[in-house]
Structures are given as structure tokens and as C-alpha cells.
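> Here is my input, please return the structure:
(chains A, B, C and D)
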Number of protein chains: 2
Amino acid sequence: MHELLRLAPLFQGLSDKELSPFVHTAQRQQFKPGEMLFAAGDVAEAFFLLIKGNVRLYRLSPEGREKVIEIVPSGQTFAEAIVFLNKPYPVFANALDETEVLRIPAKVMLKELHNNSDLAVHMLARLSIHLHKFVNDIHALTLSNAKQRIAGYLLAFIDEQAQQHKVCLPANKATIASRLGLQPETFSRVWSSLKKEEIILEYNDHIVIHSPDALRALLDPS
Amino acid sequence: MHELLRLAPLFQGLSDKELSPFVHTAQRQQFKPGEMLFAAGDVAEAFFLLIKGNVRLYRLSPEGREKVIEIVPSGQTFAEAIVFLNKPYPVFANALDETEVLRIPAKVMLKELHNNSDLAVHMLARLSIHLHKFVNDIHALTLSNAKQRIAGYLLAFIDEQAQQHKVCLPANKATIASRLGLQPETFSRVWSSLKKEEIILEYNDHIVIHSPDALRALLDPS
DNA sequence: CGGCAGTTTGACACTTCTCAAACTGTGTGG
DNA sequence: CCACACAGTTTGAGAAGTGTCAAACTGCCG
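Now for the predicted structure:
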């Protein structure tokens, strides 16, 4: 259990003793593809550490359409921010795959944060990174066209995985399109143009980014 | 000086003693309209508390156009997130009006956060609120059309000021347009349609939101 | 085989962007 | 006091990008 918690950057570097309040109160939960973890408006008494799978965070527009805010990969915590806000969840969350999470009570977290300033600084660092990512997103969602957004999305992948240019998409294309603020049709058209230009190659279960430089060129036409 | 610091939600509820490290290291700075506080890429050794005026945080697109990420009103802190990230500023910041800030060294903040878990929890709460606002923004910037974005922007004002439907815009229209991911021309057209429908009234130095309900109806066509 | 979800393609409509020009108010210098 | 310049805003016309609706296609599973 300690090892599971240390999966998350949030808990890395903490001693077994520091982690024990979480070990004793966290619940392990499993979800099937499509199952809901929570709904927007639900009372928020816990945040989550994603052990396995991918989770989709989304909202509904007034017209009832879904807008994906984030696709959370395993190893990440999510909904941490609600620990401090006495508010219901602002988004819906459902599992994209066979998914496993640790459900960590907000009360426990809040108490430990008051006791342990190291943990608090960890969490601050994590929220800061998150905030900066959102700044990036806001920038990308408004200033660029569909091709640039997809380029940026793909580049974020090879930066994170750092090693290879082989990428497994975390969700189906319609979900990624929504995350990027695009219609599935628009996404599909741009996607096939990237394939036609041989910037990306598509296989059954993964893609290969054949020319990252071409993607960068789309974003930085200097 | 203590009173100035307590302007910010971040420092509210802290004792004089807890505040003294900041009192002794914070620098008071003044800026004229248009002057730069910092540029994207600058080494980030401090964050800011805005005492007077409004500050515009923006980025440059690859093509060199400005995209406003945030318009910071007085009383708020900004660029706090860089305290934890060993990175340069991700945005440009310039003054919109005659502006006064407290410049607070990141090192001091970091040290105090380790000593004072109350302060850390305060800051966590503040970043959480910020994060939730960005979630709102991302949602608004992608799912809605120009009229809905402007409606949402105006409604945020009367919610915050809570009292009246009289609003002083914090920046010129082109800046607000950029913040909303719109061209100045598009903003102007929608703006005049709102005036024609008498949903808003425009005066020399302020506007009056004559029919908040009409704005809400634009966002929630249930 | 049939059904289904996910994806792709096509044709068209519509919003928004772009470029250009005119208009407004304000401040400056003659 | 007027003429002028200037930034900010507004208006117009056309182009471009994306959304919408409909239909066909694909792979997978019962």
C-alpha cells in the first residue's frame, strides 16, 4: 500500500510513518470502462490516486454536450483541489478503461497538511504544475487552429514519455477531439492530413510520430 | 505594511509575527500604464501582490500575437505558482493602469511555507480556487460562441461585486476580447448587439448590466 | 450473419477571422 | 482656438476555418 501511494508525485519522498494515515483510510476501488467515479454536483469528500487505467474528466454544456477537461493517466492524483473548497465536484469523472483507484478522504488530507508542511509543499508544487498546464491549455485552445492544437497535444506526449516516438493514445479519438475543443469530424480530417504528410503513422494499438520536427514547425513558424 | 499584505486572501488571518518575514523582504514597486513587470522567460525570483491598478498577463503566439491569459484585479496575488517551479515566468505581465505592487521573494515564501503549515494551507486553498476558475475558463473558451463567452464574462463580474449591476471594465475592449479568445472586431459586433437588445447600457467610464437574466438565458437555454 | 460503436468522408451552412476603411474622443503643437 | 495625429473602436465585405447533418465505412463481438 505504501508503494501504491508513492506512485503519485504527491506522496513521493514521504516516510512510511508520514504515509500511514493515508494507508489506513484510503479505499481501493475498481471501475469498468465507462463506469462513473463521481458526477458534477456530488458532495466531494475525497480525492483520488489513479493506480491503473485512464480517467476522463468532463463537463456538460448547457445544451448537454460533453466537453472533456482532462484525460488523467495512471500514477496521477486528481480532484485534489476540492480538498480545500467546500464545494461539490465541478466535473464528471468516468473510467476509460479497466481502472483502479485509491480514494483518499479529504478530511484526512486536510489534517495531515496541517501537521506536515513537507506534504503541503509537495502538494503546492503539484497544484502549481497543474496550473501551468492549464495556462498552456488556455493559450492553445484560443490562439491556434485545429492542426496546431493536435500538434501541441502530440508533442506533449513525446516530451513526457521522453524515450521513444511511439505513443499509445489514452482515449478514443472523439474524446481527444473534445479535450482539444474540436468536433470528431474536424479531428479526423486533420488527423488524416497528418498521416498523408507522413508526420505520424497509425497502427492498430499505437501511433508513431515519424517527424516531431514537422509538428514543432507547425507550432513555431519562425 | 502588515495591512497591505493582508489585502490578499493569501495572507489574511496571519499574525503580525507570521507576516514579519514578508514585511522585511517585500519591495514596493510602482508602474505606469503599459510598463512591463516581467517578461516570459525572465528568471522568476519573486511573486507579486497587486495593491493598486490592474495587471495583464499574456503570452505571444508563434505568429507574435498577444493572447491575454488573465486580467488581475487589485488585491490579488499573481505568479505565486512559480515559487515551486524552478522555471522562468511563463507569461508576460504589464500594467494596465497606474499600478502598485509588493514584490515578494520566492525564497522567503518557500522558507515560510516549510515553517508555517497554516500559510501553506492558505496558499493551497488559493491555488485550488485558481485552478477551478481555469477549469471554468477552459470550458467557456471551447464550448460556447462569442455571445455566450461575453455573457459569462459579464456575469462573473456581478457575482463577484455582488452588490450592483454597475461594472467598471478593468481593461480596454481589445484586451478583454483577447482574454475571451476573440478578435476585437468580433467583440465589438457582439457588444453592440447586446446594447441594441438593451441587455447592457454603456456610459463613459462604466457599464450597467440592465438584464442579468437575459445574460443567464444565453448560457442556460433550458 | 447482423448489429453496433467508432471513424471517415462529403456537402453545405454558419460563425468567426481578416483586411480595409471610417469614425470617435483625446491630447498635442502650431 | 483650430488643425492634426493617434489610439481605440466601429462598420463593411469577403475569405477561411470549423461545425453540422447525413451517409458510408471499418472492425469487433454476440
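
> where's residue A:93, which helix or strand?
Element membership of residue A:93, judged by DSSP states H and E, is strand A:92-95.

> model confidence over that strand, on average?
In this model, strand A:92-95 has an average pLDDT of 95.

> go on, stretch A:80-89?
Stretch A:80-89 comes out at a mean pLDDT of 90.

> right, is stretch A:116-124 up against chain B?
Yes. Using CB under 8 Å from any CB of the partner chain, stretch A:116-124 comes into contact with chain B via A:116, A:117, A:118, A:120, A:121, A:123, A:124. Using the backbone N, CA and C atoms, a C-beta is placed for each residue, glycine as well.

> what number of residues lie near residue A:197?
11 (other CB atoms under 10 Å in any protein chain shown).

> give the contact list for it.
residue A:214 (CB atoms under 8 Å, 6 or more residues apart in numbering or on different chains).

> just to revisit the earlier point, could I have the PyMOL command that selects the buried members from the residues of stretch A:116-124 next to chain B?
Entered in PyMOL, the line below selects the buried ones among these, by 16 or more other CB atoms under 10 Å in any protein chain shown:
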select buried, chain A and resi 116+117+118+120+121+123+124
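
> So which of the residues of stretch A:116-124 next to chain B sit within strands?
Counting by DSSP state E, the residues of stretch A:116-124 next to chain B place none of their members in strands.

> and the residues of stretch A:116-124 next to chain B as a markdown table, adding pLDDT?
Listed next are the residues of stretch A:116-124 next to chain B as a markdown table, based on pLDDT from 0 to 100:
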| residue | pLDDT |
| --- | --- |
| A:116 | 91 |
| A:117 | 90 |
| A:118 | 87 |
| A:120 | 92 |
| A:121 | 91 |
| A:123 | 90 |
| A:124 | 92 |
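
> chain center to the strand holding residue A:93, what's the gap?
Computed by CA atoms, centre = their mean, to the nearest Å, the chain-centroid distance of strand A:92-95 equals 11 Å.

> That strand close to DNA strand C?
No. Strand A:92-95 is not in contact with DNA strand C by CB under 7 Å from any atom of the strand; minimum separation 11.6 Å.

> From residue A:79, how far off is the closest residue to residue A:80 other than its chain neighbours?
Of all residues not flanking residue A:80 in the chain, residue A:47 sits nearest, at 4.7 Å (CB to CB, 6 or more residues apart in numbering or on different chains). In this view, residue A:47 and residue A:79 are 4 Å apart by CB to CB, to the nearest Å.

> Let me know whether my guess that residue A:49 is in a helix holds.
No. Residue A:49 sits outside any helix when classified using DSSP: H, G, I helix; E, B strand; the rest coil, being strand.

> The closest residue in space to it that isn't next to it in sequence: which element?
Nearest non-adjacent residue to residue A:49, counting by CB to CB, 6+ apart: residue A:102, 4.3 Å away. Assigned by DSSP H and E, residue A:102 belongs to strand A:99-105.

> who touches that strand?
The contact list for strand A:99-105, computed with CB under 8 Å, 6+ apart, reads A:4-5, A:22, A:25-33, A:35, A:37, A:45-55.

> before we move on, back to that, partners of the strand holding residue A:93, with directions?
strand A:36-38 (antiparallel), strand A:55-60 (antiparallel) (DSSP bridges).

> touching DNA strand C at all, the longest helix along chain A?
Counting residues, the longest helix found in chain A (DSSP state H) is helix A:117-143. No. Applying CB under 7 Å from any atom of the strand, one finds helix A:117-143 out of contact with DNA strand C, separated by at least 7.7 Å.

> And that helix, what's buried?
Neighbour counts over helix A:117-143 (16+ other CB under 10 Å) mark A:117-128, A:130-132, A:134-135, A:137-143 as buried.

> What of stretch A:184-194?
By neighbour count on 16+ other CB under 10 Å, the buried set for stretch A:184-194 is A:186, A:187, A:190, A:191, A:194.

> Restrict those to those that also contact DNA strand D, please.
Restricting the buried residues of stretch A:184-194 to those touching DNA strand D (CB under 7 Å from any atom of the strand) yields A:186, A:190.

> so the residue nearest the centre of chain A bridges to which residues?
Residue closest to the average C-alpha location in chain A (CA atoms, centre = their mean): residue A:72, at 2.4 Å. Counting by DSSP bridges, residue A:72 is bridged to residue A:55.

> Can you tell me which helices and strands the longest helix of chain A packs against?
With contacts taken as 3 or more CB pairs under 8 Å, 6 or more residues apart in numbering or on different chains; DSSP states H and E, helix A:117-143 sits against helix A:106-115, helix A:146-161, strand B:55-60, strand B:66-72, helix B:106-115, helix B:117-143.
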